[in-house]
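A.B. asks: curious how this folds, go ahead:
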Amino acid sequence: MSDTSPAPSATPEASLGESAGNPDFDAMTRDIADVPAVEVITTVAVHLMSAAAVNLGLAEEGEAHKDLDEARKLIQALAGLLDASATEVSSFHAAPLRDGLKSLQLAFREASVVPDEPGQGPGEKYTGPVFG
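C.D. replies: Reported below is the predicted structural model:
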């Protein structure tokens with residue numbers, strides 16, 4: 001007698017709790033609910049920092065990906081996130097993020113052909129003027 005049941009799926013979707021092509025949103029929601037807010041905030045900040053660095057041309061083959069307009073937006077968003085979450089994130093987590101932000105702001109100023117006035121660079125409305 002042969003077994004006619006379908007073979008177990010080895011797709012990544014199956015391992016994420018999908019059945020018949022429908023994602024298991026309950027499982028995903030439980031997973032997100034278990035992540036501390038500080039971890040979500042720092043993860044988002046690191047993603048913003050990484051994307052800004054790439055757009056500043058600081059990655060391998062940097063000039064091919066350089067886009068200062070995009071970098072400005074990402075640095076501005078990072079500064080806003082860090083400013084808004086300052087009271088929620090301990091200095092243990094916030095200090096390296098602030099250092100990274102300042103490094104990106106300085107790299108932006110250096111990469112700009114026409115530098116912004118002090119206090120007018122990306123994120124400086126949250127951090128104040130950034131000097132090297």
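A.B. asks: C-alpha only now, for contacts and for neighbours.
C.D. replies: Noted.
A.B. asks: center of the protein, which residue is that?
C.D. replies: residue 47 (2.0 Å; CA atoms, centre = their mean).
A.B. asks: buried set for the host helix or strand of that residue?
C.D. replies: According to DSSP states H and E, residue 47 maps onto helix 37-55. Using 16 or more other CA atoms under 10 Å as the test for burial, helix 37-55 gives 41-42, 45-46, 48-55.
A.B. asks: then stretch 108-127?
C.D. replies: For stretch 108-127, using 16+ other CA under 10 Å, the buried residues are 108-109, 121-124, 126-127.
A.B. asks: in CSV, list those along with secondary structure, distance to residue 26 and pLDDT.
C.D. replies: Converted to CSV, the buried residues of stretch 108-127 look like this (DSSP: H, G, I helix; E, B strand; the rest coil; distance: CA to CA, whole Å; pLDDT from 0 to 100):
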residue, secondary structure, distance to residue 26, pLDDT
108, helix, 42, 97
109, helix, 45, 95
121, coil, 43, 96
122, coil, 39, 97
123, coil, 37, 97
124, helix, 40, 97
126, helix, 37, 95
127, helix, 39, 95
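A.B. asks: could you give the average pLDDT over stretch 27-46?
C.D. replies: Mean per-residue pLDDT for stretch 27-46: 89.
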